[in-house]
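> Structural data only, the sequence is not supplied:
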């Protein structure tokens, strides 16, 4: 078993959602900061001071809308809001009525190991499509048969079709010897959850603005960052600031992988069908080499995705951001969806613009949005320009 500690450095703001939104009643805004309060502590305080009955009456009348109103309520009773009720505070530069919360455990900020593994999985799919021409041709045929021109008897809801296409691709990339009983290549590696940080040390609240490209009818003309049209919608999110660092443990079960590979080789000749071996080749019997290979492939896929998405590349250039350094480039959290960072870059990279247009049409996307990447972009906007989310570097 091989274990290595990795350092993840945040290059552009990262948001990994908890699934929870903070509302006005959960926080107080003062002097460019927001203060998150602990309702359990507040209720205990109200009970201790004998104010709970009166507080319930105020709630019934719906006289409280924000925690500022709670402060006023306490002041009328001769009390100040107790300092112990503050969970944490962070700088804020937006004024929305709700804030997307960053994931935390016991009040601490961290990067989930599942997020890292999911990012690696997505990147390796793009890496395999780029490196393996046979896999790409096979996958293109499946898109044609199941999505673009399905037989009348084979037509299914779009969601089910996309699920089947995804399964087809993952089977051929991550299950090289076929059969679920032999498992997935990525079951031999794991990432721990990261080290923990206090929210005050790494978090800030920023407005994430949505942008779209003008519709391009006849050509796949590459657009500049300045051509982006701002959508009316925007979101306030807790994000981890650039420069923040976390450590995670990488674990590779090399001995189990060796047995898996030897058993798979014996069965491979009897397996009917094609499985890509490009990702399999990244795993070696040496844990150190396996880690290096995986990180290189991960970084190459992320860089390829940026290279193909010329609008994103233009925004990085205009803002003066360079996604370079000693570490390997990865991307985490909220940014682009799975489909648009794997299949779409691969199609455009292979010169399949016409086929790409057919996929876009069948997905019913692109209307009023980008015909290059038919998905609304998410950027933070500051004095330097539009900042994309989620880029980090990994060092070991």
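Okay, I see it. The structure presented is a predicted model; accordingly, all values stated were derived computationally and were not measured.

> ranges for the helices of the stretch 51-200 of the chain?
Assigned by DSSP state H, counting those that start in this stretch, the helices in the stretch 51-200 of the chain fall at 52-60, 67-76, 113-131, 133-143, 158-174, 199-202.

> ranking the ones you listed by burial, who's on top?
Across these, averaging neighbours per residue (mean count of other CB atoms under 10 Å) puts helix 113-131 on top, at a mean of 21. All C-beta atoms are positioned from the backbone trio N, CA, C, and that covers glycine.

> Need the residues that contact it.
For helix 113-131, contacts defined as CB atoms under 8 Å, 6 or more residues apart in numbering pick out 8, 16, 135-136, 139, 169-170, 173-174, 186, 189-194, 248, 276, 278-279, 282, 294, 297-298, 300-302, 304-305, 330-333, 338, 341-343, 345-346, 349.

> 6 Å - rerun?
Contacts with helix 113-131, where a contact means CB atoms under 6 Å, 6 or more residues apart in numbering, come from 16, 135-136, 173, 191-193, 276, 278-279, 297-298, 301-302, 330, 332, 338, 342, 346.

> now that helix, how far from the chain's geometric center?
In terms of CA atoms, centre = their mean, to the nearest Å, the centre of helix 113-131 is set 12 Å apart from its chain centre.

> Average pLDDT for that helix, rounded please.
Averaging pLDDT along helix 113-131 gives 92.

> Also stretch 233-253?
The predicted model gives stretch 233-253 an average pLDDT of 93.

> Give me the contacts around it.
By CB under 6 Å, 6+ apart, stretch 233-253 touches 1-11, 13-15, 94, 96, 99-102, 111, 188-192, 194-195, 202-210, 287, 290-291.

> Would you mind giving the secondary structure of the spatially most central residue of the chain?
By CA atoms, centre = their mean, the mean C-alpha position of the chain lies nearest to residue 333, the distance being 2.4 Å. Per DSSP: H, G, I helix; E, B strand; the rest coil, the secondary structure class of residue 333 is coil.

> Now tabulate the helices of the stretch 51-200 of the chain in JSON lines and tack on distance to residue 324.
Compiled in JSON lines, the helices of the stretch 51-200 of the chain are given as follows (distance: least, CB to CB, whole Å):
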{"stretch": "helix 52-60", "distance to residue 324": "54"}
{"stretch": "helix 67-76", "distance to residue 324": "43"}
{"stretch": "helix 113-131", "distance to residue 324": "17"}
{"stretch": "helix 133-143", "distance to residue 324": "28"}
{"stretch": "helix 158-174", "distance to residue 324": "28"}
{"stretch": "helix 199-202", "distance to residue 324": "22"}
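
> mean pLDDT lowest for which of those?
helix 67-76 has the lowest average pLDDT among the helices of the stretch 51-200 of the chain, namely a mean of 76.

> about what we covered before: please type out the ChimeraX selection for whichever of the contacts of helix 113-131 turn out to be buried.
Selection of buried members from the contacts of helix 113-131 for ChimeraX, criterion 16 or more other CB atoms under 10 Å:
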select :16,135,136,173,191,192,193,276,278,279,297,298,301,302,330,332,342,346
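
> domain assignment for the protein?
Domain assignment for the chain by automatic domain parsing gives 2-16+111-395, 26-96.

> tell me the most buried of the ones you listed?
domain 2-16+111-395 (a mean of 17).

> and residue 33, what does it touch?
Contact partners of residue 33, counting by CB under 6 Å, 6+ apart, are 89, 91.

> for the longest helix along the chain, packing partners?
Ranked by number of residues, the top helix in the chain under DSSP state H is helix 287-308. Here helix 287-308 touches helix 113-131, strand 245-252, strand 328-331, helix 343-349, going by 3 or more CB pairs under 6 Å, 6 or more residues apart in numbering; DSSP states H and E.

> pretty sure residue 2 is touching residue 287, no?
Yes. The pair residue 2 / residue 287 is scored as a contact, 2.3 Å apart, by CB atoms under 6 Å.

> Quick check: neighbours shared by these two?
Each of 252, 254 lies in contact with both residue 2 and residue 287 under the rule CB under 6 Å, 6+ apart.

> Contacts only, for residue 89.
Neighbouring residues of residue 89 by CB under 6 Å, 6+ apart: 33, 35.

> rerun that using 7 Å as the cut-off
33-36, 200 (CB atoms under 7 Å, 6 or more residues apart in numbering).

> so what's it bridging to?
Here residue 89 shows beta-bridge partners residue 35, assigned using DSSP bridges.

> so which of the helices of the stretch 51-200 of the chain comes closest to residue 226?
Nearest to residue 226 among the helices of the stretch 51-200 of the chain is helix 113-131 (27.4 Å), distances taken as CB to CB.

> so which of the helices of the stretch 51-200 of the chain gets nearest residue 107?
Nearest to residue 107 among those is helix 199-202; the distance by CB to CB comes to 7.3 Å.

> which helices and strands sit right next to the closest one?
Judged by 3 or more CB pairs under 7 Å, 6 or more residues apart in numbering; DSSP states H and E, the packing partners of helix 199-202 are strand 86-91.
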